[in-house]
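Chemist: return atomic coordinates for the entry below.
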Amino acid sequence: MNWSDIKTSNFYLLVFLFFCTGCTGQTSKDHNHEISTGKTVKYPQIVRTLGTNFQVVHCEMLDSDGNVWFSIKEDGAYRYDGKSFTNFTTKDGLCNNNVSAIIQDKSGNFLFGSDRGICKYDGKNFTNIPITDTLNIISLFEDRDGILWLGVMNKGIYKYDGTNLTNVLFKYKHPFYGDRAEKYISDIIQDRNGNIWFSSWNGGGVWRYDGKDFKHFLPSLDYYKTNQDNRKIGGTQNALDLNLGHKVFIQSQDYISDDMISSMTEDHLGNIWFATRNHGACRFDGKIFTEFGTKQGHLSGGAYAILEDKKGNFWFTTEKDGVWRFDGKTMKNFNEKDGLVNNAVMNVIEDNEGNLWFGTKGSGLSRYDGKNFVTFSQ
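Modeler: Numbering: from 1, shown residues only. Predicted coordinates:
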């Protein structure tokens, strides 16, 4: 099926900015244009207000009121209510403009993970969680019991129960690298059985925590022997010890396909999906890992985010090839030729109307309604 491109040949782009400061943030009512049945349709734009470099637009979350939240490095957080974007920065009380994660807790408050800890927003005012002030937050998650789990740059995983902050995973023993420190926990989720999963962008694969113990999942020995991790330095394999005699590390479907995981998601059947650096997507059914990559004729290269939409389709974002849709049988690619703002797509989120939002490099934001892509960025 061919998707219609946005027609802009007869109209110039109009930009009209309004900014309001205070705890309600800075609201942008700028619009770009699309021609639809001979009429001009206006769409708001997410506008960079502070930063000078083109960054990634991160699609963070859908809140309980149906608002979609985004973040851009150096420019704080953005909320889209279906009509306009509201920008929240340090001018409004945000603790830091480098926001890496946004969640809504069980009380309805919004928590922002940043370079300087966690900031809470109750809908009117921002307050800092003091005990986290020194932490550079990468990922943030609240479990079913109200416990906060923090992925912290260069410090692994922290657990916060509202009073105590505890480092629960940092130093660990890698079967081939030896003693290591986990430096970048890219994502945290909880599955239907209550297990909490942590993914590593530091060569650590993934961990599953059952409430008592951490189980570590890594690729097979063959992955390291054939240098699939691309870590050869000066003709050596970066001090890998491949002669340890670990008989359990053999080529098998029991091992995850890559040790660098960007993000995770659980589908409606309870399978856990992993977006990997060099091996496309990987699915875990509780027993075996199944790779969906170039070798299987699916995704090209790596994946950055995975989403199962309301119709049961899976969407995979990639850094070079736009996005792929998997309907259970076939893969279909969407890219700039179809109206996507940028082929370097880093994340995706679905709103209450079933629209898909794609955050890209170059400060790009696209929305897909099932027929057309519309650009919501400058």
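Chemist: which SS class is Y224?
Modeler: When classified by DSSP: H, G, I helix; E, B strand; the rest coil, Y224 comes out as helix.
Chemist: my read is that it contacts P175, right?
Modeler: No - Y224 lies out of contact with P175 (CB atoms under 8 Å); the separation is 9.1 Å. In short, each C-beta sits where N, CA and C put it, glycine included.
Chemist: between the two, which is the more surrounded one?
Modeler: Neighbours per residue (other CB atoms under 10 Å) separate Y224 from P175, with Y224 holding more: 22 against 16.
Chemist: in the stretch 151-300 of the chain, where is pLDDT below threshold?
Modeler: Within the stretch 151-300 of the chain, the segments meeting pLDDT under 70 span 231-253, 294-300.
Chemist: all strands for it, in order.
Modeler: Taking DSSP state E, counting those that start in this stretch to define them, one finds strands in the stretch 151-300 of the chain at 156-160, 165-169, 171-174, 178-181, 185-190, 196-200, 206-209, 214-217, 261-266, 272-276, 281-284, 289-292.
Chemist: reformat the ones you listed as JSON lines; add distance to F112 and mean neighbour count.
Modeler: Shown next, in JSON lines, are the strands of the stretch 151-300 of the chain (distance: least, CB to CB, whole Å; neighbours: other CB atoms under 10 Å):
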{"stretch": "strand 156-160", "distance to F112": "14", "mean neighbour count": "21"}
{"stretch": "strand 165-169", "distance to F112": "17", "mean neighbour count": "14"}
{"stretch": "strand 171-174", "distance to F112": "28", "mean neighbour count": "13"}
{"stretch": "strand 178-181", "distance to F112": "26", "mean neighbour count": "12"}
{"stretch": "strand 185-190", "distance to F112": "15", "mean neighbour count": "22"}
{"stretch": "strand 196-200", "distance to F112": "20", "mean neighbour count": "25"}
{"stretch": "strand 206-209", "distance to F112": "24", "mean neighbour count": "22"}
{"stretch": "strand 214-217", "distance to F112": "27", "mean neighbour count": "16"}
{"stretch": "strand 261-266", "distance to F112": "19", "mean neighbour count": "22"}
{"stretch": "strand 272-276", "distance to F112": "23", "mean neighbour count": "26"}
{"stretch": "strand 281-284", "distance to F112": "29", "mean neighbour count": "23"}
{"stretch": "strand 289-292", "distance to F112": "33", "mean neighbour count": "20"}
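Chemist: export those strands to JSON lines and tack on distance to P44?
Modeler: Output for those, formatted as JSON lines (distance: least, CB to CB, whole Å):
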{"stretch": "strand 156-160", "distance to P44": "35"}
{"stretch": "strand 165-169", "distance to P44": "38"}
{"stretch": "strand 171-174", "distance to P44": "45"}
{"stretch": "strand 178-181", "distance to P44": "43"}
{"stretch": "strand 185-190", "distance to P44": "29"}
{"stretch": "strand 196-200", "distance to P44": "33"}
{"stretch": "strand 206-209", "distance to P44": "37"}
{"stretch": "strand 214-217", "distance to P44": "42"}
{"stretch": "strand 261-266", "distance to P44": "27"}
{"stretch": "strand 272-276", "distance to P44": "29"}
{"stretch": "strand 281-284", "distance to P44": "32"}
{"stretch": "strand 289-292", "distance to P44": "35"}
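Chemist: with respect to T134, which of those lies nearest?
Modeler: T134 lies closest to strand 165-169 among those, at 10.1 Å (CB to CB).
Chemist: and the nearest residue to G286 once chain neighbours are set aside, how many neighbours?
Modeler: Nearest residue to G286, sequence neighbours excluded (CB to CB, 6 or more residues apart in numbering): G270, at 7.3 Å. Per other CB under 10 Å, the neighbour tally for G270 reads 12.
Chemist: ok, C282 - contacts?
Modeler: Applying CB atoms under 8 Å, 6 or more residues apart in numbering to C282 gives the contacts 256-258, 273-274, 276, 289-292.
Chemist: again but with S257, I slipped
Modeler: 219, 223, 274, 276, 279-280, 282, 289, 291, 293.
Chemist: same thing but 7 Å
Modeler: With contact taken as CB atoms under 7 Å, 6 or more residues apart in numbering, S257 is in contact with 219, 276, 279, 282, 289, 291, 293.
Chemist: and N342, by the same measure?
Modeler: By CB under 7 Å, 6+ apart, the contact set of N342 is 336, 360-362, 364.
Chemist: now the helices for this protein?
Modeler: According to DSSP state H, the chain carries its helices in the segments 221-225.
Chemist: point to the residue nearest the middle of it.
Modeler: In the chain, the residue lying closest to the centroid (CA atoms, centre = their mean) is N347, at 5.1 Å.
Chemist: wait, it sits on T318?
Modeler: No - with contact defined as CB atoms under 7 Å, N347 does not reach T318; the gap is 11.4 Å.
Chemist: quick check: neighbours shared by the two?
Modeler: Shared contacts of N347 and T318, defined by CB under 7 Å, 6+ apart, comprise Y304.
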